[in-house]
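>>> Take this sequence and fold it.
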Amino acid sequence: MTVFGIGLSYGLATLFAMFSGMPIAFALGAVAVVFMAIYMPAASLDTVTQNVYEEMASITLLSIPLFILKGAAIGKSRAGQDLYSALHAWLHRVPGGLGVANVFACALFAAMAGSSPATCSAIGSAGIPEMRKRGYSGGFAAGIIAAGGTLGILLPPSITMILFAVAAEKSLGRLFLAGIGPGLLLVTLFGLYAVFRFRKEYATAKAAYEATGKDAPILQRDEFTMAERFSALPRVVPFVLLLTGVMIALYGGYATPSETAGLGGLLALGLIAVIYSVWTPNDLSPILKSTIRESTMLMMIIGMSLLYSYVMSYLHISQSAAEAIVAMHLPRWELLFAILVMVIVLGFFLPPVSIILMTAPIILPPLRAANFDIIWFGVVMTIVMEMGLIHPPVGLNIFVIRNVAPDIPLSEVIWGTLPFVLLMMLAVLLLCVFPEISTGLPNLVMGPDGGR
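Coordinates of the predicted model:
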C-alpha cells in the first residue's frame, strides 16, 4: 500500500476509534498498536512500553502534575471564591463591573492553576450564581466564565504550552513569556465586551422598567465601603504574591520550570493550610485525588499521543503530509491560514493536548520552511485551540459550565460563548498584523532572513 493509502487508513481508523466513545488515550494507543502490528516489524510490538516511557521521560513533562497540584490546591479551597469577591468589591463601580471582575478573576486564577476546566469550575461556581442573581442573562454569565477559563492554556504556567515546547523543542521560558502579551490582550477584549454587553442588557431592562414599571435585578447597584474593600484583600494578596514569586523564580533564572512547578505546588499547599486551615487528611484528600486523576488522564493522553506520532513518523505519514503541504507552494500566509483552519476543525473533536502532539510533526516543518518563528506560532496556535474549548461539539468548558450551572440551557451557553470565539479570531488577526504584542520584539514573526 502507498504512503497515501496508509495515511488515509490511519486517519479513518483514528476517527472511528474516537467516535466509538473510547477514551482518547486508549483510542490513539489502540490505533498505533494495530498499525505497528500490520506495517512494522513484529519486534516493534515488544518495544511499545519502552517507546512510551522514553517519549515521556522528559524533565519538562514532570512539571505538569506539579502545576496541576498547585491548581487543585487553589481550586478545591475557597481561594477562587475569595479572589472573585475581592475583585468584585473593587470593580463594582465599572459598568458591567461584575462581569469584568469575573474576567480578571479567571485570568488570575488561570495564571495560578494553568488549567482551563479548573478555572471554569472554581470561578464559575461563585461567579455565575452572583451574575444571575444580579440580572445578567444566562448566556452572558456562562459565556464570560467559559471564555475566561480558556485563558488557562495561554497565560503561564500553561500545561498546553509545556507540551508545545516539548513537541517543538523550544524554550519553555520564552514560550511562557510570549504568551503574556496576547493573554492580556484577550483579557482586555473580554473585559470590553463585558462592559458593552452589560450596557445593552441594562438598557433593555431600563426600557422595560420605564414602560411597565417592573424592576429588574440588573438595575440594582452594589455598594462597598473602603473598609469592606480593604477587608477583602488579606486573603487574596498571598496568592498574588505566590503568582509573582513563581514568575520571578521562572523568568529570573532562579529555577527550572519543573522546580518552579514544585515550588508553586508546595507554596499553594502551605498557603491554604495557613489561610483556610486545610491540612488534615480529610481536607487534603479531594486535592490529592483531583491531582492524581487529572495528572493520570493527561499523562496517558501524552504517552499514547507520542506513540501515535512515533508510528506516523515511522510510516512516513507525517513527513509525506509535510512534503505535500510544502509542494503546494502556498504563499506563507495562506499556508498559515490553511494550518490554522485545520487546527480549528480538529478542535471540534479533540482537546488541545491531542492536537499538539498529533499535528506538531506535520505542521512544524512546513512552517519552518516558510520562515515563521515557531514561538510566535505556538502562541497563535494556542489561541486557536482555545476556541475549541468553547465551541461545539466538544467544547470542554461548555460542559464544565453545564455542571456548574445546570439551570442554564445548553443552547444559551453555546450562544453566549460565540462572541468570545469572534474576539479570539480578532486577537489572532492582531497578532499577525502586530507580532510585537507577543514579546515586544517586532521581528519575532520573522525568520532568519527577516522576510514576512
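
>>> Let me know the distance separating the closest residue to M385 other than its chain neighbours from I159.
Using C-beta to C-beta, 6 or more residues apart in numbering and skipping the chain neighbours, the partner closest in space to M385 is P352 (4.1 Å). Any C-beta I mention is one placed from the backbone N, CA and C, and that applies to glycine too. Distance of P352 to I159, given as C-beta to C-beta, to the nearest Å: 9 Å.

>>> Now list whatever residues contact both of those two.
Residues touching both P352 and I159 (C-beta atoms under 8 Å, 6 or more residues apart in numbering): I153.

>>> Could you pull up the contacting residues of the closest residue to L219 other than its chain neighbours?
The shortest distance from L219 to any non-neighbouring residue, by C-beta to C-beta, 6+ apart, is to A205 (5.6 Å). Applying C-beta under 8 Å, 6+ apart, we find A205 in contact with G135, A216, I218, L219.

>>> On the three-state scheme, A205 is what?
helix (DSSP: H, G, I helix; E, B strand; the rest coil).

>>> any weak-confidence spans in the stretch 101-250 of the chain?
112-115, 118, 152 (pLDDT under 70).

>>> ok, 90 please
Low-confidence segments of the stretch 101-250 of the chain (pLDDT under 90): 101-138, 145-146, 148-181, 183-184, 198-250.

>>> Now do the helices in it.
For the stretch 101-250 of the chain, the helices defined by DSSP state H, counting those that start in this stretch cover 116-133, 138-149, 159-168, 172-212, 226-231, 237-251.

>>> okay if I get the ones you listed as CSV plus distance to T260?
CSV is the format used below for the helices of the stretch 101-250 of the chain (distance: least, C-beta to C-beta, whole Å):
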stretch, distance to T260
helix 116-133, 18
helix 138-149, 23
helix 159-168, 11
helix 172-212, 9
helix 226-231, 31
helix 237-251, 4
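
>>> Those helices: which one's closest to I287?
When the helices of the stretch 101-250 of the chain are compared by C-beta to C-beta, helix 116-133 sits nearest I287, at 11.5 Å.

>>> So which bits of the closest one are buried?
116-128, 130-132 (16 or more other C-beta atoms under 10 Å).

>>> And the residues you listed, which is closest to L233?
For the buried residues of helix 116-133, the nearest to L233 is A126 (17.1 Å; C-beta to C-beta).

>>> Apart from its neighbours in sequence, what residue is nearest the closest one?
Of all residues not flanking A126 in the chain, Q81 sits nearest, at 4.1 Å (C-beta to C-beta, 6+ apart).

>>> would you say the one you found is within a helix?
Yes: under three-state DSSP, Q81 falls within a helix.

>>> burial of Y209, as a residue count?
Close neighbours of Y209, defined as other C-beta atoms under 10 Å, add up to 14.

>>> quick one: contacts for it?
D215, A216, L219.

>>> can you give me the helices for the stretch 301-450 of the chain?
Remark: helices assigned in the stretch 301-450 of the chain by DSSP H, counting those that start in this stretch are 317-327, 332-347, 352-369, 374-390, 396-404, 410-433, 436-439.

>>> Which of these sits closest to T280?
If we rank the helices of the stretch 301-450 of the chain by C-beta to C-beta, the stretch that ends up nearest is helix 396-404, at 26.5 Å.

>>> So which bits of that closest one are buried?
For helix 396-404, burial by neighbour count (16+ other C-beta under 10 Å) applies to L396, N397, I398, V400, I401, R402, V404.

>>> go on, stretch 353-372?
Quick answer for stretch 353-372 (16+ other C-beta under 10 Å): 353-367, 370, 372.

>>> give me every residue that touches the residue lying closest to L426 once chain neighbours are set aside.
Nearest residue to L426 in three dimensions, chain neighbours excluded: L189, at 6.7 Å (C-beta to C-beta, 6+ apart). Each residue near L189 by C-beta under 8 Å, 6+ apart is listed here: L423, L426, A427.

>>> Determine the three-state secondary structure at the residue nearest to G245 when sequence neighbours are not counted.
With sequence-adjacent residues excluded and distances taken as C-beta to C-beta, 6+ apart, G245 is closest to L267, at 7.1 Å. Classification of L267 using three-state DSSP returns helix.

>>> Only C-alpha atoms, please: export stretch 376-395 in CSV.
Extracted in CSV, the C-alpha atoms of stretch 376-395 (Å, rounded to 0.1, in the frame of the first residue of the first chain):
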residue,chain,number,x,y,z
TRP,A,376,5.1,33.1,17.8
PHE,A,377,3.2,30.3,16.0
GLY,A,378,2.9,28.5,19.3
VAL,A,379,1.1,31.4,20.8
VAL,A,380,-1.2,31.8,17.8
MET,A,381,-2.0,28.1,17.8
THR,A,382,-2.8,28.2,21.5
ILE,A,383,-5.4,30.9,21.0
VAL,A,384,-6.9,28.9,18.1
MET,A,385,-7.1,25.8,20.3
GLU,A,386,-8.8,28.0,23.0
MET,A,387,-11.7,28.4,20.6
GLY,A,388,-12.1,24.6,20.6
LEU,A,389,-12.7,24.7,24.4
ILE,A,390,-15.8,26.9,23.9
HIS,A,391,-17.3,25.8,20.6
PRO,A,392,-19.4,22.7,19.9
PRO,A,393,-19.4,19.7,19.5
VAL,A,394,-16.7,19.0,22.2
GLY,A,395,-16.2,22.4,23.9
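
>>> Buried residues, that stretch. List them.
Within stretch 376-395, judged by 16+ other C-beta under 10 Å, the buried ones are 376-391, 394-395.

>>> returning to what we had before: I'd assumed S125 was in contact with the residue nearest to A126.
Yes: counting by C-beta atoms under 8 Å, S125 is a contact partner of Q81 at 7.4 Å.
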